[in-house]
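whatever this is, show me its structure:
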Amino acid sequence: MQNGSVLVRKITSAPWLPAVLTIAGFLTYILRSVEIARTKTSFLDEGLYLYKGYLFVNGLQPPFADYGVWTNHAILSFLIPGYVQKWFGAGLETGRYFMIFLSLFTLLGLWVFAKRWGNAWWAAGVVWVMVLNPAEIKIHTLAISEGLVAALLVWIVLLAVGEKRPLWQILLSAALTAPLVLTRENMAFVPLIVFAYIFWQHGWKAGLLAMLCAGILFLAGNAFYFPENLKFWAIRVPDFPFTFLQAWKMPAAGGIDLPEPEESNLYRMVLYFWLTFRLHFVSLVSGLTVWLLLPFRNVRPISERMGAVIFLSVLLIVLYIAHLQVAFFGEFCISCILLYVGYFDFLGLMLLVIAVPILLKELTRLRQIIIFVVIALLILGIGFSSHEDLSSGFAKAMIERLDGTYIWGAMIHYLAFVPQLILFRVTFVLLVSALVIVIGALALGLVYRRYKHGQLAGGRTGILALNLFLILGLILSPTRVLGLGNDFFDCGGTNVFASYQKAGAALSQVIEPGSKIYWEGRIPAIFLYMPNVNVYPPQLNHVHSYFVGGGSDILLRFSHWNDELARQWLEEADYIMVQNTEKVYLTDEMLESGKYIKVMSAPRAEKCRWQSVIQVYKRVDANQ
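Here you go, the predicted structure:
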């Protein structure tokens, strides 16, 4: 072990090496980002941010307008990708390449922060943590609001944290909270926590100026679309004390809104809770490591470093719980938590960099037991979250072999409500996880027996276990065990940009400019390649803005639709565009009436998914 320590000290003493590793990290990040951006499928939200933004900035649809496009998120989440497309050309590739450019600012902010609070080695290490996690790169590469928010949030923290920050940096940090909330409204917790920290750490004068600066920018940003944007804020702020906004809410229109809520059962909640730790392992476990090793006793007086730890801890915990609540109990999109975590998970890395010098070096027996229990739970939880990635062919073959055995028969009998495929997968991954725990415990025990009177004296075994756990997680981040697992956006290495361009070109050859399009599909990014067509605005959000029954005028005014409006549009549209698997009974009814004929099946917009084929039907009398 002494020889190893000497070698490590010799390597780390090279002053040029961290800079070289950092540059290599940035270059690798760019190459990996480009490859990931090129080979990931698109989905509803990404297409909406891009296409609505394109419509807004080109004056084709005004934001927040009655009877127009549903502006269902804060305005900058649409305008920023919209203007980028206006300047550099519309398309999925423009949006994603811009997000790569933006993610480099996130990476740069993390590097500056780690270098300031740690050293050049910590800075290079943080960069490589981000580089090695494909799940992180994917989220910040997709043209959705997560990458925008992350780039703003990291610089807000960087500029504000510390005792002797220049006033202009504090004010700039506060100023950035305005576009943060105007990009994603669910980040409204951030300015509140940031202002509280500024008052506490920098004094009342800096706090008041920070609030004034942020407030002016926030009001100015809203003034451009006042008062129409009150429709947006009316459903996002509490009724009290904002009672005056009640007049801007959608009146009761009757009917039933669709889709039905995603099944919010305990199984799915547990699965996606652990998936967040699996796909964002090093970032989130870094935060847990700090809390497990913090010296809670004798922390007064609170130092600059401890104040920063408290601030980042509160920010990370509040944002995680808030988004967990929204995903699990609010919007009924449980799987959305996997994307939401991308807003803020890197706060765990920032927390670890700051906290390392003040963490405990010796542990009590109780704290060591807690650490071992937490590590065991994480291994079991992450193992459980991987069961859907287990090959169904392997699982079915093993089920056939187990058929007739006593243990398997008993499990099927007592757990009859669980499908056999899921039962085997979960059992298998939990047994493997338990084996990993046993092997890890034995290896740690052997090390302890050898060094219990030396390096591991004073209860340091728990610290060693945490360090090895984090290192192992970093090594496994680019594998299917962690960051590469559960990737439902993967398109098998095919060029998604090229396939969208090909599909869009084929559609544009058939559909004339100015045509009215009745649309049923979940890949609205296709319209970026079909300029000058007119889609009925409420249909862009697919079933998420659809009602069964209800008052048509009220629904249409607030950018929603129902079956009555669908019938009206079907009677007047020039073309029906239907994505495979998305056709509903009204479309079938119209197609069977003989008023439309099929003119083409467009090439797959995503070669890896047959569902991305778009069927096109033309009104028989469209040119008569």
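
give me the low-pLDDT residue ranges for the stretch 201-350 of the chain?
Applying pLDDT under 70 to the stretch 201-350 of the chain flags residues 258-264, 298-299, 331-332.

so which residues of it form strands?
Applying DSSP state E, counting those that start in this stretch to the stretch 201-350 of the chain gives strands spanning 256-257.

please enumerate the strands of this protein.
256-257, 516-520, 534-535, 546-548, 561-562, 575-579, 596-601, 614-619 (DSSP state E).

which strands or helices does the third one pack on?
Contact analysis of strand 534-535 by 3 or more C-beta pairs under 8 Å, 6 or more residues apart in numbering; DSSP states H and E lists strand 516-520 as its packing neighbours. (Glycine included, C-beta is placed from N, CA and C.)

pull up the pairing partners for the strand it packs on, direction included.
Take DSSP bridges as the rule and strand 516-520 pairs in its sheet with strand 534-535 (parallel), strand 575-579 (parallel).

buried residues of that strand, list them for me.
By 16 or more other C-beta atoms under 10 Å, the buried positions in strand 516-520 come out as 517-520.

name the residues that touch that strand?
511, 533-536, 539-540, 542, 566, 569-570, 572-579, 582-584, 587 (C-beta atoms under 8 Å, 6 or more residues apart in numbering).

so where's the longest helix in this protein?
helix 420-451 (DSSP state H).

packing partners of that helix?
Helix 420-451 is packed against helix 365-385, helix 392-402, helix 406-414, helix 461-476, with contacts defined by 3+ C-beta pairs under 8 Å, 6+ apart.

again, only this time at 6 Å
If contacts are counted by 3 or more C-beta pairs under 6 Å, 6 or more residues apart in numbering; DSSP states H and E, helix 420-451 sits against helix 365-385, helix 392-402.

okay, those, which one's buried deepest?
Mean neighbour count (mean count of other C-beta atoms under 10 Å) peaks for helix 365-385 among those, with a mean of 17.

and the angle for that one with helix 420-451?
Relative orientation of helix 365-385 and helix 420-451, computed by axes from the mean of the first three to the mean of the last three C-alpha atoms, to 10 degrees: 150 degrees.

and helix 365-385 with helix 461-476, angle?
Inter-element angle recorded for helix 365-385 and helix 461-476: 20 degrees (by the same axes, to 10 degrees).

contact partners of helix 365-385?
Residues from elsewhere that reach helix 365-385 (C-beta atoms under 6 Å, 6 or more residues apart in numbering): 271, 274-275, 277-278, 292, 429-430, 433, 436-437, 459, 462, 469.

tell me where the stretch 151-300 of the chain has helices.
Applying DSSP state H, counting those that start in this stretch to the stretch 151-300 of the chain gives helices spanning 167-183, 189-202, 204-223, 230-234, 266-279, 281-293.

how about the stretch 501-624 of the chain?
According to DSSP H, counting those that start in this stretch, the stretch 501-624 of the chain carries its helices in the segments 552-557, 563-572, 585-592.

including mean pLDDT and mean neighbour count, could these go into JSON lines?
JSON lines is the format used below for the helices of the stretch 501-624 of the chain (pLDDT from 0 to 100; neighbours: other C-beta atoms under 10 Å):
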{"stretch": "helix 552-557", "mean pLDDT": "95", "mean neighbour count": "18"}
{"stretch": "helix 563-572", "mean pLDDT": "93", "mean neighbour count": "16"}
{"stretch": "helix 585-592", "mean pLDDT": "78", "mean neighbour count": "14"}
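
out of the ones you listed, the one nearest residue 212 is which?
helix 552-557 (36.6 Å; C-beta to C-beta).

other residues contacting the closest one?
66-67, 251, 253, 547, 562, 564-565.

change it to 8 Å
Here helix 552-557 has contacts from 66-67, 250-251, 253, 255, 538, 547, 561-562, 564-565, using C-beta under 8 Å, 6+ apart.

before we move on, what about stretch 109-117?
22, 122-127, 130, 151, 154-155, 157-158, 161-162, 305, 308, 346, 349-350, 353-354.

with stretch 201-211 instead?
162-163, 165, 167, 170-171, 173-174, 194-195, 198-199, 304, 307, 311.

with the contacts of helix 365-385 in mind, which one is nearest to residue 45?
Nearest to residue 45, judged by C-beta to C-beta, of the contacts of helix 365-385 is residue 275 at 18.4 Å.

from residue 432, how far out is the closest one?
As judged by C-beta to C-beta, to the nearest Å, residue 275 and residue 432 stand 17 Å apart.

more neighbours, these two?
residue 275 (24 against 14; other C-beta atoms under 10 Å).

list the contacts for that one?
Neighbouring residues of residue 275 by C-beta under 8 Å, 6+ apart: 337-338, 385, 486.

which one of the residues you listed sits closest to residue 107?
Set against residue 107, the nearest of the contacts of residue 275 by C-beta to C-beta is residue 338 (20.7 Å).

which ones are touching the closest one?
135, 272, 275-276, 279, 486.

hmm, try it at 6 Å
Applying C-beta under 6 Å, 6+ apart to residue 338 gives the contacts residue 275.

tell me the spacing between it and residue 303.
Look at residue 338 and residue 303: by C-beta to C-beta, they are 36 Å apart.

ok so, going back, of the strands of the chain, which stretch is the most buried?
Most buried of those, by mean neighbour count (mean count of other C-beta under 10 Å): strand 561-562, with a mean of 24.

now that one: mean pLDDT?
Throughout strand 561-562, pLDDT has a mean value of 93.

that strand pairs with which strands?
As assigned by DSSP bridges, strand 561-562 forms pairs with strand 546-548 (parallel).

what is the burial count for residue 494?
16.

just give the closest residue to it, not the sequence neighbours.
residue 607 (4.5 Å; C-beta to C-beta, 6 or more residues apart in numbering).

how much space between the one you found and residue 503?
Distance of residue 607 to residue 503, computed by C-beta to C-beta: 10 Å.

and these two? which has more neighbours close in?
A count of neighbours by other C-beta under 10 Å puts residue 503 above the other of residue 607 and residue 503, at 23 against 19.

for the more buried one, what are its contacts?
Per C-beta under 6 Å, 6+ apart, neighbours of residue 503: 602-603, 605.

go on, residue 570?
Residue 570 touches 518, 590, counting by C-beta under 6 Å, 6+ apart.

what's around residue 472, how many residues?
Close neighbours of residue 472, defined as other C-beta under 10 Å, add up to 15.

tally of neighbours for the residue nearest to residue 88 when sequence neighbours are not counted?
Nearest residue to residue 88, sequence neighbours excluded (C-beta to C-beta, 6+ apart): residue 94, at 5.1 Å. Burial of residue 94 is recorded as 21 neighbouring residues (other C-beta under 10 Å).

and the pLDDT for residue 94?
Note for residue 94: predicted pLDDT of 98.

how close does it get to residue 37?
Distance from residue 94 to residue 37, by C-beta to C-beta: 11 Å.

then residue 404?
According to C-beta to C-beta, residue 404 stands 50 Å off from residue 37.

more neighbours, these two?
Higher neighbour count among residue 404 and residue 37: residue 37, with 23 against 8, using other C-beta under 10 Å.

who touches that one in this structure?
96, 141.

how close does it sit to residue 396?
As defined by C-beta to C-beta, residue 37 lies at a distance of 35 Å from residue 396.

excluding covalently adjacent residues, which one is nearest to residue 484?
Counting by C-beta to C-beta, 6+ apart, residue 134 is the residue found nearest to residue 484 once chain neighbours are left out, at 5.2 Å.
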